[in-house]
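# Structure for the following, please:
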Amino acid sequence: MEIADGKYIVIAPASQSLTVYTRIIEERDRPREEIDEAELSNTVSQAIWKVFDRERTPASFKLGVAEIDVLLIDARIVAARVDGSKVLNPIGFPAKKIEVGVAETLASRETFQKIRQGLPKNGEIIFISEPTAVKAHLLREENRSRNFVFVNVLRDKTHVCAAKENGDIRPAGDFEWGLDNLLQSFHDDLMIPKEAVAPVLNRYLQNDASADFLKKFRFVFNKHFSVFEKGVSAAIHNAKMVKPVVFVMCDQIAASAKPFTFGGGAKFSFCPGKIPETS
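Numbers count the residues shown, from 1 in each chain. Okay, here's the model as predicted:
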């Protein structure tokens, strides 16, 4: 997407890239001295390369390429703390520790070349990221949750990110199931047009129906979300999380009035299709 003359924001496909949010904490040798620009620049550079070095191996497995073909295609600082206190700019503060919040996007060499080829020769990429991790980050900033799973349901696939107490946000898994599967299964079972499925489902999610309807529809709801729940549960297991809150975003599906609990015990909450922007 071009946002200014020759400047582009690029959404990288989740199957060919990954974005992680994490933090690096550096102990200072001279804590009584104020942090200057040179020290901060060096700390930021080290943090970026430490994260890339740590994430390159798991990225190579996810992307199915050799480590040498995993590229760091975007890196930015999203937060800074001095001795645990959040600051806009650490320069001028004495501190024992500097904490740098880092967001990095990694992709294969081939994927990045394709992205470049799709832009004008002199086009400048000012931001590139995989969307599920970004949405999880915005959700964390919006509601201050610290330990949750974010599920991004697309037309034919579902992507899962784990957001942990330590500040990390990273991919937890994906599976072949999406909105099209959901609409088709409800259409087949209820014998209603596909375009009517979402309104009916939304009434159930928001408790906007009679008690008799809600009771009868619960069986259908649980039946058709079983594949979805199993896929998300596997991702939760991979992320080594225990019964986290699960936020689900799916086009055409409204926010739920209350969380739902499936067989795995995790609480699922459907959130609006667009996360409010933070100031």
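
# the helices in the stretch 151-279 of the chain, which residues?
Counting by DSSP state H, counting those that start in this stretch, the stretch 151-279 of the chain has helices at residues 179-190, 194-205, 211-224, 226-238.

# quick one, which of those helices is nearest to residue 162?
helix 226-238 (7.4 Å; Cβ to Cβ). Using the backbone N, CA and C atoms, a C-beta is placed for each residue, glycine as well.

# Residue 103 is in contact with residue 18, isn't it?
No - using Cβ atoms under 8 Å, residue 103 makes no contact with residue 18, being 11.4 Å away.

# neighbour-wise, which of these two wins?
residue 18 (25 against 21; other Cβ atoms under 10 Å).

# Check which helix or strand the more buried one maps to.
Assigned by DSSP states H and E, residue 18 belongs to strand 17-27.

# what does that strand rub up against?
12, 43, 46-47, 50-51, 55, 59, 62-63, 73-74, 78-79, 96-107, 111, 129-130, 132-134, 136-137, 166-171 (Cβ atoms under 8 Å, 6 or more residues apart in numbering).

# Report the secondary structure state of the residue most central in space within the chain.
Nearest residue to the geometric centre of the chain (Cα atoms, centre = their mean): residue 133, 2.1 Å. Using DSSP: H, G, I helix; E, B strand; the rest coil, the structure places residue 133 in helix.

# Could you report the pLDDT at the residue nearest to it when sequence neighbours are not counted?
In space, and not counting its chain neighbours, residue 133 is closest to residue 19: 3.8 Å by Cβ to Cβ, 6 or more residues apart in numbering. We have a pLDDT of 96 for residue 19.

# Show me what the longest helix seen in the chain is packed against.
When the chain is parsed with DSSP state H, its longest helix is helix 37-63. Using 3 or more Cβ pairs under 8 Å, 6 or more residues apart in numbering; DSSP states H and E, the elements in contact with helix 37-63 are strand 17-27, strand 70-82, strand 97-108.

# okay, those strands, which one's buried deepest?
Of all the helices and strands packed on helix 37-63, strand 97-108 has the most neighbours on average by mean count of other Cβ atoms under 10 Å, namely a mean of 22.

# Run through the neighbouring helices and strands of it.
strand 17-27, helix 37-63, strand 70-82, strand 124-129.

# Name every strand pairing with it and say which way it goes.
Partners of strand 97-108 in the sheet, by DSSP bridges, are strand 17-27 (antiparallel), strand 70-82 (antiparallel).

# ok, back up a step: right, and the helices and strands packed on strand 97-108 - which one's nearest residue 245?
strand 17-27 (17.8 Å).

# what's the angle from that closest one to helix 37-63?
For strand 17-27 against helix 37-63, the angle by axes from the mean of the first three to the mean of the last three Cα atoms, to 10 degrees is 140 degrees.

# Would you pull up how far strand 17-27 lies from the middle of the chain?
Chain-centre distance of strand 17-27: 14 Å, with Cα atoms, centre = their mean, to the nearest Å.

# can you check stretch 96-104 too?
The answer for stretch 96-104 is 19 Å, by Cα atoms, centre = their mean.

# Outside of that stretch itself, list whatever touches it.
By Cβ under 8 Å, 6+ apart, stretch 96-104 touches 19-28, 31, 35, 40, 43-44, 47-48, 51-52, 55, 72, 74-84, 90, 129, 133, 137, 167.

# what's the closest of the strands paired with strand 97-108 to residue 208?
strand 17-27 (35.6 Å).

# I'd guessed residue 227 sits against residue 178; true?
No - here residue 227 does not reach residue 178: they are 10.6 Å apart, not a contact under Cβ under 8 Å.

# Neighbour count for the two, which is higher?
Remark: of residue 227 and residue 178, residue 178 carries more neighbours, 19 against 16, as counted by other Cβ under 10 Å.

# Quick one: residues contacting the closest residue to the more buried one other than its chain neighbours.
In space, and not counting its chain neighbours, residue 178 is closest to residue 156: 4.4 Å by Cβ to Cβ, 6+ apart. Listed by Cβ under 8 Å, 6+ apart, the contact set of residue 156 reads 176, 178, 179, 180, 181.

# do residue 2 as well
Counting by Cβ under 8 Å, 6+ apart, residue 2 has contacts 8, 123.

# same thing with residue 216?
Per Cβ under 8 Å, 6+ apart, neighbours of residue 216: none.
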